[in-house]
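# Structure of the sequence below:
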Amino acid sequence: MHKLKIISIAVIVLVLVLFGVYSLQPEQSVIQKIPQSESAKKPIPDFSQYEITTEKKKAFFSYLKPAVEAQNNHILVQREFIHGLRAKYISGEMITEKQMQELNWLADEYRVDADNKSLEPVFDKLLTRVDIIPVELVLVQTANESAWGTSRFARKGYNFFGLWCFKEGCGFVPKRRNDGSVHEVAKFNNLSRAMYTYMRNLNRHDAYREMRAIRKQLRNKMQPISALALTEGLTKYSERGDDYVVELKQMIRVNKDLM
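Modelled structure (predicted):
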């Protein structure tokens, strides 16, 4: 039974290869070179200057959206690499040393433990974690966490995401930090690095396992990866829990035409 299952999977993958769904020759390097959008190369706009709320929102979305799309495009390249390498593995083709190095890099970057017996679990776990975050979801989260780009953490450290760090001097010391706490609000040198760190955090941190499970289920059903659907898995992003999710959903609906 086990052999029949392996043969069936191999046949399916080979058919997909013949129809061009996956490539058996994943040659493009996926080792991290953080992509930069044109907007990310520009200084952070002064969003507080806008008196008309609609104009402020449009400016905010215009600045952040290209950076989100750049990161998602890079993630799709990584997914294609994983699919291609998985196809080679199932069909029995040799995986080169370079390809194994890149696979190991991805596993380390996304905190996927290696399996000494088979690579199949590694591919499965990676494909659950290496996937896009809907643009609409990122935009409303950044708006929510940064007060539409006006917080000092966003203005002075590109932290539109409320991300913490735990090494002394790694960021800003919060004014209202509780006694005994050691966390700081992370500071970044540019928007691209900040965006990459935030999206990687959603894709690998245990707190957002539910979000990734929802996304995987949508993939399996061949349905669009919906921002509204994925918000359900973000109750642990904020101390507000379910109220935070409700607020994000409302922001997505209200701002849909502006994004």
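
# now the helices for the protein?
Ranges of helices in the chain, per DSSP state H, are 2-18, 53-91, 97-109, 120-129, 135-146, 152-157, 191-204, 209-220, 227-231, 242-255.

# Of all those, which one is nearest Leu163?
Among the helices of the chain, the nearest to Leu163 by CB to CB is helix 191-204 (6.1 Å). To be clear about C-beta, it is placed using only N, CA and C from the backbone, and glycine gets the same treatment.

# Check which helices and strands the closest one is in contact with.
helix 53-91, helix 135-146 (3 or more CB pairs under 8 Å, 6 or more residues apart in numbering; DSSP states H and E).

# Could you export those helices as CSV, including distance to Phe153 and mean pLDDT?
Putting the helices and strands packed on helix 191-204 into CSV (distance: least, CB to CB, whole Å; pLDDT from 0 to 100) gives the following:
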stretch, distance to Phe153, mean pLDDT
helix 53-91, 15, 95
helix 135-146, 7, 97
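
# Please identify the deepest-packed of those.
Comparing these on average neighbours per residue, with mean count of other CB atoms under 10 Å, the densest one is helix 135-146 at a mean of 23.

# Give me the angle between it and helix 191-204.
Relative orientation of helix 135-146 versus helix 191-204 (axes from the mean of the first three to the mean of the last three CA atoms, to 10 degrees): 110 degrees.

# quick one, helix 135-146 and helix 209-220 angle?
160 degrees.

# which other helices and strands contact helix 135-146?
On a contact count with 3+ CB pairs under 8 Å, 6+ apart, helix 135-146 meets helix 53-91, helix 191-204, helix 227-231, helix 242-255.

# Now render the helices and strands packed on helix 191-204 as a markdown table, adding distance to Glu210.
Output for the helices and strands packed on helix 191-204, formatted as a markdown table (distance: least, CB to CB, whole Å):
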| stretch | distance to Glu210 |
| --- | --- |
| helix 53-91 | 19 |
| helix 135-146 | 14 |
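
# Minimum distance to Leu127: which of those has it?
helix 53-91 (5.8 Å).

# center of this protein, which residue is that?
For the chain, the residue nearest the mean C-alpha position is Met199 (3.1 Å; CA atoms, centre = their mean).

# So it versus Ala186, what's the distance?
Distance, Met199 to Ala186, by CB to CB, to the nearest Å: 14 Å.
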